[in-house]
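In: Quick one, what's the 3D model for this:
(2 chains)
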Amino acid sequence: MRKESSERIELLQGTLDMLILRTLLFGPAHGHQIAKHIQRTTDDLLQIEHGSLYPALHRLERKGWLAAKWELAAKDQKREFKYYRLTTAGKKQLAAEESRWKQMAGAIARVMWPAEEG
Amino acid sequence: MKWFRRENRDEDLERELRSDLELEAAELQERGLSPRDAEYAARRAFGNKTFVKEEVRRAWGGIWFEDLVQDARHTVRYLRKSPGFTITAVLSLAIGIGANTAIFTVIDAVLLKSLPVRDPQTLIVVGPAHGSGNGSGIPLDGSFSLYSYDLYKHLRTTHVFAELCAVQSTHETDVGVRRAGWSETELGHAKLISGNYFDVLGVKAALGRSIAPADDAAFASPAAVVSFRYWKGRLGGKSSIVGSNISVGGTSFTIVGVAPPDFYGEELEPDPPDFWLPLSADRWLNHQRALIDQPDEHWLYLIGRLAPDVSVAEAQIRLSSALRNWLLSREGSKISAEDCAEIMRAHVELTPGGSGIIHMRRNYGVTLRLLLGISLVVLLITCANISNLLLARGTARATETSVRLALGANRWRLTRQLLTESLVLALAGGAVGLFLAESGTKLLIALFFRGTEYVPISASPDLRILSFAFVLSCSSAMVFGLLPAFRMTSRIAPVIRGASAGIKGSRLSARSFGLGAVLVVTEVALSLVVLAGAATFARSLANLSGQHFGFDRNRVLILNVDTRHAGYSYTHLRSLYRELYSRLNALPGVKSASFSFYSPFNGCCSQFSISVQGYTPKPNEHVHARLNRVSPRYFQTLGTRLLLGRDFAERDFLGSQPIAIVTEEFVRLYLPKQNPIGKHFGIGGARHAGDLEIVGVVADAKYDDPHEDIMPMAFFPLLQDKSSDMPLSSDESNFVQVIEIRSAGRAETIASEVRHALAEIDPGLPVLTIRTLSEDVNLMLNRENVIASLAVFFGFVALVLSCLGLYGLMAYSVQRRTSEIGIRMALGARRGSVIRMVVREALAQGLAGILIGIPVAFAALGLIANQLFGVSPNDPKYCGAAAVILLLCMTGGACVPALRAARVDPLIALRYE
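Out: You can find the predicted model right below:
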């Protein structure tokens, strides 16, 4: 079920935050959903450790980029989940991180593949 | 606050993780796993839930503090479980920290604090901020500290100072105070100040107004400011006091204001002024010869603030030259080259005046620092002791610690928790210590300033004292906590493997036992230093107080009286003295009564240059003597032996012929190898050498300082006719200050009769104090007494602590070695040899401590050598005595666990294995 560790990619520091914020752009989700979404979207290339997911969620909540609320699940009305939602500040932060990421990716690309640029 | 919400957040997180976990399990189940397998798989996927929780908590921040609170809670719970240890540790720390804080409180007040005035740091004292009394001429080193009123006015014209005030330098005047409605004249303390004094210091009256320059003018009506304490304590504390009258030294003053509560003047001293009077009031108080009108009599301190554009160096140059000009102008035109050279040496040094005049600093500085040093050493011993206790407990907790380490507990976190324990102990000790410190400070003040009524030092801790105690507590925690904490977490003890007791156990604990031994050796060494110090101080005090003073201090009553301000004229004095003499000597129970200007250890004496007929001074020799005026029977009353010639007789009151009695030392120095009776000497230069005839010689006696060498002295009749230049004949010394009574029984018993007789002779004669001569001697030795008592006290504490430490270590060691001892006994060892073994081991440590302590003690005694009297710091007696006492007590301390070891039953001991 899990990919071998060598095939998985270690997340860069701070990248997880951006991925969480981006995931929540689609709408509120709980921790499990967020992890699953990232995993699915990356074809299980990125495995989100619980040991980093929950601290990241709480860190983002503390910074005010996420807001959390206990709600009944949409499809399973019996269970309550802690749903995270992007705040306005969180949206701004996402935009900022996205542009920073793009810049960095571009910069790395220029170093790695200089020929393709010209 | 954040940490209060922690429980909620933990719950919330728990619920979040659970719900997500359940969902994961449900999803897995949908894929076809059995419910149990699904749950396991979900858990595996989640990994270590506790770890996740820890990480999340870290994300929330504030974890450091939460951990601290958690540690503190844990600690309190833990300490509660062992009250014996906790109480011992907290109490011994409380004593250590309390003693240090109390001494520091006094040090802070005496040595560190500034005056409670405006901008104390810009105050400047003109001259070194000590020296007192009054005198004329140029100081020996040329540096002026006191100034006459005329010189003060002259120096003001230099405009070096933005403001400059003058204040009487002699310890304030003791005066008789009377008020309408009072039955008796009371003793009060008055201080003369220039009119701008309060302005310069920036002190505003709490009530009414302060003394203003106008009050100091020549014909101003007498005005006085009273101290807050006097106002509250003696004058009823009502605001109506302003404007009312009070008689001070026989003159009626109007009270114009009350000084603020914390103001005690420009000098921290016992019994600070009750009254501040303008300098011009000197003419009212001393109508005979007011110092303010004597241009050559230097008696004032000058305190001011420099003008903004003047540097200290520049001010010194300008003031010194103004001083020399003034001195030259006083000499007139026909000045000798010698005098001129003398004047050129005269100069002024400025000193920072933030602490005002600092006699106390000079008198008590060394003593206080010494005491702080001793008490710090005692605190160190306390710390070593607690360290040892912690180590012993740590070994008992080794299993717990090891299990926690093995389960992956953060080592730093564990260390920190152990340190928190130390910190909690130390802070608890510090808190209790603060309570002790307040009473301790009061006790110290009472001890140090015995014989005085009030010292303006507050015993209640302020912010500085609190921070001192806090820092001291924290450093103690570090000192006693660090070693055990690191030792305990340094490795996973093999105890986990079940080797918690038995023979292996004893070897395994060898390292921590070794550390304990090091601590005990340190304790013993430090105790030896303290004990040796205590022994030398006690010896020094015994030497001082047991020495031969030259008088018999038992059964003598000393009354200080104020004849000067009672309004007597010179002719009136004659009849007063005759009556005093006959009435007092006729009192029942009185063996002999006399009166004088000075008595021993009671504010004595002035020293004067003299010239002796037929004696040629050696080059650079200063021929001098202390002078005193006494009534007939004075020597008899004090118990000083008359060696040659005669005592003064009643007819000498009139002093028809100028005569004197001199001391042995006087004769030895100035009239050796001849009969001194009938020889002549005089006060001042050679032309006075024939003024006085010696009629008697008395034994030497100490008058001023028990430490000093014997000084030459001369005595005159009270009312000896004035010869022109005799300083003593001119004025105040004719006025008796002291009455001495030798009683048949205990001196105190006749005090009231004497008082009664005095009131009958003249009800207006103020009696300021009544003490016995031996009390005066003890007061003079008070500082030595305090050091010796406190050193002995600390020595005792150190002794108890180090014996406890050794006892604890040995008891612990015996407990660890129960099975070893059991085996020894099973193999035939006798009880006696077991006892010897334990005691030998204990004494080995004691001896090691003593061997290390002895050179340290010698070095420490060398440092305090100048504080000792008749004691050589190299004398091996004191260290030897300390070593013997320590060894005896330690043997006692070691015997208890040794006997316990001897009672070990081999069968039971072996069953332990």
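In: tell me the secondary structure for residue 55?
Out: I'll assume chain A. Three-state call for residue A:55 (DSSP: H, G, I helix; E, B strand; the rest coil): helix.
In: Please refer instead to chain B.
Out: Applying three-state DSSP: residue B:55 is helix.
In: just checking, it touches residue A:53?
Out: No. Using CB atoms under 8 Å, residue B:55 is not in contact with residue A:53, being 9.8 Å away. (Each C-beta comes from the backbone N, C-alpha and C, glycine too.)
In: Can you check the pLDDT for residue A:118?
Out: Reported pLDDT at residue A:118 in the predicted model: 44.
In: no wait, residue B:133
Out: Per the predicted model, pLDDT is 63 at residue B:133.
In: Likewise for residue B:502?
Out: 42.
In: where does residue B:188 fall, helix, sheet strand or coil?
Out: Classified using three-state DSSP, residue B:188 is strand.
In: how close does it get to residue B:240?
Out: 20 Å (CB to CB, to the nearest Å).
In: could you list every residue that touches residue B:455?
Out: Residues in contact with residue B:455 (CB atoms under 8 Å, 6 or more residues apart in numbering or on different chains) are B:269-271, B:445, B:448-449.
In: can you confirm it is in a strand?
Out: No. Counting by three-state DSSP, residue B:455 is not found in a strand; it is coil.
In: show me the residues around the residue nearest to residue B:357 when sequence neighbours are not counted that make contact.
Out: In this structure, residue B:357 finds its nearest non-sequential neighbour in residue B:267, 3.8 Å apart by CB to CB, 6 or more residues apart in numbering or on different chains. By CB under 8 Å, 6+ apart, residue B:267 lies in contact with B:356-360.
In: List phi and psi for residue B:275.
Out: Dihedral angles of residue B:275 (phi, psi; degrees, to the nearest 10) stand at phi -130, psi 140.
In: and the closest residue in space to it that isn't next to it in sequence, bridged to which residues?
Out: Spatial nearest neighbour of residue B:275, chain neighbours left out: residue B:190 (4.2 Å); criterion: CB to CB, 6+ apart. As for beta bridges, residue B:190 partners with residue B:173, residue B:275 under DSSP bridges.
In: Tell me which residues of the helix or strand containing residue B:58 come out buried.
Out: Element membership of residue B:58 [criterion: DSSP states H and E] is helix B:49-60. For helix B:49-60, burial by neighbour count (16 or more other CB atoms under 10 Å in any protein chain shown) applies to B:49, B:52-53, B:55-57, B:59-60.
In: which other residues reach it?
Out: By CB under 8 Å, 6+ apart, helix B:49-60 touches A:50-52, A:54-56, A:58-59, A:62, B:9-10, B:13-14, B:17, B:43, B:46, B:63, B:66.
In: Tell me who's in contact with the closest residue to residue B:229 other than its chain neighbours.
Out: Residue nearest to residue B:229 in three dimensions, not counting chain neighbours: residue B:454, with 7.0 Å by CB to CB, 6+ apart. By CB under 8 Å, 6+ apart, residue B:454 lies in contact with B:229, B:270-272.
In: For these, which single residue is the most surrounded?
Out: Neighbour counts for the contacts of residue B:454, by other CB atoms under 10 Å in any protein chain shown, peak at residue B:272, which reaches 21 neighbours.
In: Tally up the residues packed near residue 115, please.
Out: Defaulting to chain A. Number of residues near residue A:115 (other CB under 10 Å) recorded here: 5.
In: hm, I was asking about chain B
Out: If you count neighbours by other CB under 10 Å, residue B:115 ends up with 22.
In: for the one 10 residues further on, same thing?
Out: Close neighbours of residue B:125, defined as other CB under 10 Å, add up to 23.
In: from memory it sits against residue B:349, does it?
Out: No. Taking contacts as CB under 8 Å, residue B:125 lies outside contact range of residue B:349: 9.4 Å.
In: Residue 21 sits in which helix or strand?
Out: No chain was given, so I picked chain A. Applying DSSP H and E, one finds residue A:21 within helix A:15-24.
In: Oops, wrong one, chain B.
Out: Using DSSP H and E, residue B:21 falls in helix B:6-30.
In: roughly how far out does that helix sit from the chain middle?
Out: Between the centre of helix B:6-30 and the centre of its chain there are 67 Å (CA atoms, centre = their mean, to the nearest Å).
In: quick one: average pLDDT of that helix?
Out: 80.
In: Please, which helix or strand holds residue B:891?
Out: Assigned by DSSP H and E, residue B:891 belongs to helix B:876-902.
In: and if you look at residue B:829?
Out: Going by DSSP H and E, residue B:829 is not in any helix or strand.
In: just residue A:52 next, same as before
Out: In this assignment (DSSP H and E), residue A:52 forms part of helix A:50-63.
In: still on that earlier bit, which neighbours do residue B:55 and residue A:53 have in common?
Out: Counting by CB under 8 Å, 6+ apart, residue B:55 and residue A:53 have no shared contacts at all.
In: Name all residues that make contact with the residue lying closest to residue B:386 once chain neighbours are set aside.
Out: Closest residue to residue B:386 apart from its sequence neighbours, by CB to CB, 6+ apart: residue B:480 at 4.4 Å. Shown in contact with residue B:480 (CB under 8 Å, 6+ apart): B:382-387, B:390, B:422, B:426.
In: Can you lay out these as CSV showing secondary structure, neighbour count and pLDDT?
Out: Shown next, in CSV, are the contacts of residue B:480 (DSSP: H, G, I helix; E, B strand; the rest coil; neighbours: other CB atoms under 10 Å in any protein chain shown; pLDDT from 0 to 100):
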residue, secondary structure, neighbour count, pLDDT
B:382, helix, 28, 92
B:383, helix, 26, 92
B:384, helix, 27, 90
B:385, helix, 27, 89
B:386, helix, 30, 90
B:387, helix, 25, 89
B:390, helix, 24, 85
B:422, helix, 25, 90
B:426, helix, 28, 93
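In: Kindly reformat the residues you listed as JSON lines and extend each row with distance to residue B:568.
Out: Listed next are the contacts of residue B:480 as JSON lines, based on distance: CB to CB, whole Å:
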{"residue": "B:382", "distance to residue B:568": "61"}
{"residue": "B:383", "distance to residue B:568": "64"}
{"residue": "B:384", "distance to residue B:568": "66"}
{"residue": "B:385", "distance to residue B:568": "65"}
{"residue": "B:386", "distance to residue B:568": "67"}
{"residue": "B:387", "distance to residue B:568": "70"}
{"residue": "B:390", "distance to residue B:568": "73"}
{"residue": "B:422", "distance to residue B:568": "70"}
{"residue": "B:426", "distance to residue B:568": "64"}
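In: so which of the residues you listed would you say is closest to residue B:757?
Out: For these, the closest approach to residue B:757 (CB to CB) belongs to residue B:382, at 56.5 Å.
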